[in-house]
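Peer 1: generate a structure from the sequence data that follows.
(4 chains)
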2 protein chains.
Amino acid sequence: MNPSRPRIPEATVARLAVYLRVLTGLADGGRAGVSSGELAGAAGVNPAGLRKDLSHLGPCGVRGVGYDVLGLRDRIARVLGVERSRACVLVGLGNLGSALADYAGFGSRGFEFVGLFDSSPERIGQLVGGHPVRPVTDLDQVVAETRATIGVIATPAEVAQSVCDRLTAAGVRSILNFAPVTLAAPAGVDVRQVDLSVELQVLAFLDTNRDTDSDTDRDTHGDAPVPALGGMS
Amino acid sequence: MNPSRPRIPEATVARLAVYLRVLTGLADGGRAGVSSGELAGAAGVNPAGLRKDLSHLGPCGVRGVGYDVLGLRDRIARVLGVERSRACVLVGLGNLGSALADYAGFGSRGFEFVGLFDSSPERIGQLVGGHPVRPVTDLDQVVAETRATIGVIATPAEVAQSVCDRLTAAGVRSILNFAPVTLAAPAGVDVRQVDLSVELQVLAFLDTNRDTDSDTDRDTHGDAPVPALGGMS
DNA sequence: GCGACTTTGTTCCTGCGTTCACAAGCGGTT
DNA sequence: AACCGCTTGTGAACGCAGGAACAAAGTCGC
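Peer 2: As a prediction, the model looks like this:
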């Protein structure tokens, strides 16, 4: 509807990224067109929700036919701002950081690591994913030169906040944090948190209480304040 | 409020895991009590929302005083089902899988990898994080023996669905998937997706449209990337 | 012992996200 | 050229999450 920038909801943005991935796969497979039903099935969402998501980009399908795979893919890529490669810096090259730097999927999805940083002297100079590891003291300079706006933190939790401060001071506007701490960043800087332990703990909860569906909760009626809970031995 | 099991919202469950992490840190630091305001600050949420989250567990604080750090920590751990170590299996020991297996944070947070699996013959027998890598053909047996209910997929995207099928067939009820594909799992199996590219693309979007807060729309003077977006053809 | 302050737990309300259902539009067919 | 089926795009209702304000309760000070 609104052609300019009607402020797309964040939940929709996250799904747009999924649609982009599915569309890229379809394009590589040679598919020319796709319907909302098929695309929604491949993305694991409701067809109506998918259409509503896409409606935020303006009309991009043909009624009675469906969506053009290449056109929709490029449209979403433009809206997400990944139509051209974006420069990212990565701090912390332990196991996780090395895995991220070596992950080829980023390069094909519009992201390029232009700087890898670590504080451990023995890692400096090593090549990870084709790029040399540099000391964190070079961070300001590299960010300024490459105009990187995205920073990824894969350090231990103890130093994550100081790294965040340094990144924001250097001009980074968006941060993806893998360290298990809640970062405090100045206003205007977006921080996204990926906590692997949190994900596992949510799974553990769903696993423990997986039977809330059928049997209508033949519960302990007395108001015992969290009595047993032990149950499953 | 409801003492039995009032179906805690998933968003609350995810935040409970964060509170648990913060509380563990406070407990290690020797703190005995904490207020909702301080805890909310450390977790990056609103104090009122934190109290509402905790209210799902029943009353667990003392008015006028605050919360007992150890008591609240144990209470949340019990609700999440991580009061005792849970058995997990991990499939795919590339860079990311090795990083996960080697991440000490899991063990201290209630998760233990009891089986590491890979299909590449040269990886089988290697020790990663203290455990030997086994062939995926042993997966059924190990899941049955250890009664593991949580599976982590860190394989390439092409084989993730088949690994998912194998895990569910073996009896795994919860799956954490790092492969960039949408998995189809039978009903009753919970799948959580962590897609690193999606996270970065959301950041890219927020970065591109970072000035949507103040409605006054001071359009980016000069260096406007993605200026009009109008030309869709 | 009593009052006042502090902090929790709850309730209301506003806004957002999701889903359902229908109208609008395009291609193919007769 | 008109009809019909198929698919998109949109409007409305429902449910849920988030935030602010208020009442209950317990402790500290006098």
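
Peer 1: contacting residues for A:Val198?
Peer 2: A:180, B:14, B:17-18, B:21 (C-beta atoms under 8 Å, 6 or more residues apart in numbering or on different chains). The C-beta positions use only the backbone N, C-alpha and C, and glycine is treated the same way.

Peer 1: repeat that for A:Val82.
Peer 2: A:20, A:109-111, B:201, B:204.

Peer 1: again with A:Thr182
Peer 2: A:Thr182 sits in contact with A:193, B:18, B:22, B:42-44, where contact means C-beta under 8 Å, 6+ apart.

Peer 1: let's see it at 10 Å
Peer 2: Contacts for A:Thr182 (C-beta atoms under 10 Å, 6 or more residues apart in numbering or on different chains) come out as A:160-161, A:191, A:193, A:195, B:18, B:21-22, B:41-45.

Peer 1: how's chain A carved up into domains?
Peer 2: What automatic domain parsing lists as the domains of chain A is A:10-80, A:86-196.

Peer 1: any chance you could map the strands in chain A?
Peer 2: Using DSSP state E, the strands of chain A run over A:33-34, A:61-62, A:66-68, A:86-91, A:111-118, A:127-128, A:131-135, A:150-153, A:174-177, A:190-193.

Peer 1: up against DNA strand D, what does chain A have?
Peer 2: A:1, A:35-37, A:47-48, A:51-52, A:54-55, A:59-67 (C-beta under 7 Å from any atom of the strand).

Peer 1: can you select the buried ones from those in PyMOL?
Peer 2: Typed into PyMOL, the line below selects the buried ones among the residues of chain A next to DNA strand D, using 16 or more other C-beta atoms under 10 Å in any protein chain shown:
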select buried, chain A and resi 36+54+61+66+67
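
Peer 1: mind checking which of the residues of chain A next to DNA strand D are in helices?
Peer 2: A:36-37, A:47-48, A:51-52, A:54-55 (DSSP state H).

Peer 1: what packs against the biggest helix by length in chain A?
Peer 2: Looking across chain A with DSSP H, the single longest helix is helix A:10-28. The contact analysis (3 or more C-beta pairs under 10 Å, 6 or more residues apart in numbering or on different chains; DSSP states H and E) places helix A:10-28 against strand A:33-34, helix A:36-43, helix A:47-55, strand A:66-68, helix A:69-80, helix B:196-208.

Peer 1: what's the first one in contact with?
Peer 2: I take that to be strand A:33-34. A:22-23, A:26-27, A:40, A:42, A:61-62, A:65-72.

Peer 1: confidence-wise, which of those comes last?
Peer 2: The lowest pLDDT within those belongs to A:Gly61, with 91.

Peer 1: which non-adjacent residue is nearest it?
Peer 2: Residue nearest to A:Gly61 in three dimensions, not counting chain neighbours: A:Tyr67, with 4.4 Å by C-beta to C-beta, 6 or more residues apart in numbering or on different chains.

Peer 1: chain center to the lowest-mean-pLDDT helix or strand in chain A: distance?
Peer 2: Every helix and strand of chain A was ranked by mean pLDDT, DSSP states H and E. The lowest is helix A:104-107, at a mean of 84. Using C-alpha atoms, centre = their mean, to the nearest Å, the mean C-alpha position of helix A:104-107 is found 13 Å from that of the whole chain.

Peer 1: which positions in that helix come out as buried?
Peer 2: Under 16+ other C-beta under 10 Å, the buried positions of helix A:104-107 are A:105-106.

Peer 1: could I have the CA atoms of that helix written out in PDB?
Peer 2: Extracted in PDB, the C-alpha atoms of helix A:104-107 (Å, rounded to 0.1, in the frame of the first residue of the first chain):
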ATOM      1  CA  ALA A 104      30.300 -19.800   3.400                       C
ATOM      2  CA  GLY A 105      26.600 -19.100   3.700                       C
ATOM      3  CA  PHE A 106      27.100 -15.500   4.800                       C
ATOM      4  CA  GLY A 107      29.000 -14.500   1.600                       C
END
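
Peer 1: wait, A:Phe178 touches B:Leu100, no?
Peer 2: No - the pair A:Phe178 / B:Leu100 is not scored as a contact, 11.4 Å apart, by C-beta atoms under 10 Å.

Peer 1: okay, the strands of chain A, which one's buried deepest?
Peer 2: Of all the strands of chain A, strand A:150-153 has the most neighbours on average by mean count of other C-beta atoms under 10 Å in any protein chain shown, namely a mean of 28.

Peer 1: ok, and does it reach over to chain B?
Peer 2: Yes - part of strand A:150-153 sits near chain B under the criterion C-beta under 10 Å from any C-beta of the partner chain, namely A:150-152.

Peer 1: partner strands of that strand, with direction?
Peer 2: strand A:86-91 (parallel), strand A:174-177 (parallel) (DSSP bridges).

Peer 1: mean confidence score for it?
Peer 2: Strand A:150-153 comes out at a mean pLDDT of 97.

Peer 1: ok, now stretch A:208-221?
Peer 2: 50.

Peer 1: what's around A:Ser162, how many residues?
Peer 2: When neighbours are counted by other C-beta atoms under 10 Å in any protein chain shown, A:Ser162 registers 12.

Peer 1: before we move on, the earlier item: common neighbours of A:Phe178 and B:Leu100, please.
Peer 2: Common neighbours of A:Phe178 and B:Leu100, using C-beta under 10 Å, 6+ apart, are A:96, A:196.

Peer 1: neighbour-wise, which of these two wins?
Peer 2: Each of A:Phe178 and B:Leu100 has its neighbours counted (other C-beta under 10 Å); B:Leu100 has more, 27 against 22.

Peer 1: surely the more buried one meets B:Gly107?
Peer 2: No - in terms of C-beta under 10 Å, B:Leu100 does not count as a neighbour of B:Gly107; the distance is 11.8 Å.

Peer 1: need the overlap of contacts for those two.
Peer 2: The overlap between the contact sets of B:Leu100 and B:Gly107 (C-beta under 10 Å, 6+ apart) consists of B:113, B:129.

Peer 1: out of the contacts of A:Val82, grab the one that's most surrounded.
Peer 2: Counting neighbours by other C-beta under 10 Å, B:Gln201 comes out on top of the contacts of A:Val82 with 27 neighbours.

Peer 1: check what pLDDT that one gets.
Peer 2: So B:Gln201 comes in at 95 (pLDDT).

Peer 1: with adjacent residues omitted, what lies nearest to it?
Peer 2: Per C-beta to C-beta, 6+ apart, closest to B:Gln201 is A:Ala17, 4.1 Å.

Peer 1: burial measure for that neighbour, as a count.
Peer 2: Neighbour count of A:Ala17, defined by other C-beta under 10 Å: 23.

Peer 1: any idea how far it is from DNA strand D?
Peer 2: A:Ala17 sits 18 Å away from DNA strand D, going by C-beta to the nearest atom of the strand, to the nearest Å.

Peer 1: that residue and B:Phe205 touch, don't they?
Peer 2: Yes - the pair A:Ala17 and B:Phe205 passes the contact test of C-beta under 10 Å, sitting 8.2 Å apart.

Peer 1: what sits in contact with each of the two?
Peer 2: A:80, A:82.

Peer 1: give me the neighbour count for the residue nearest to A:Ala42 when sequence neighbours are not counted.
Peer 2: Excluding its sequence neighbours, the residue lying closest to A:Ala42 (C-beta to C-beta, 6+ apart) is A:Val22, at 4.7 Å. Using other C-beta under 10 Å, A:Val22 has 22 neighbouring residues.
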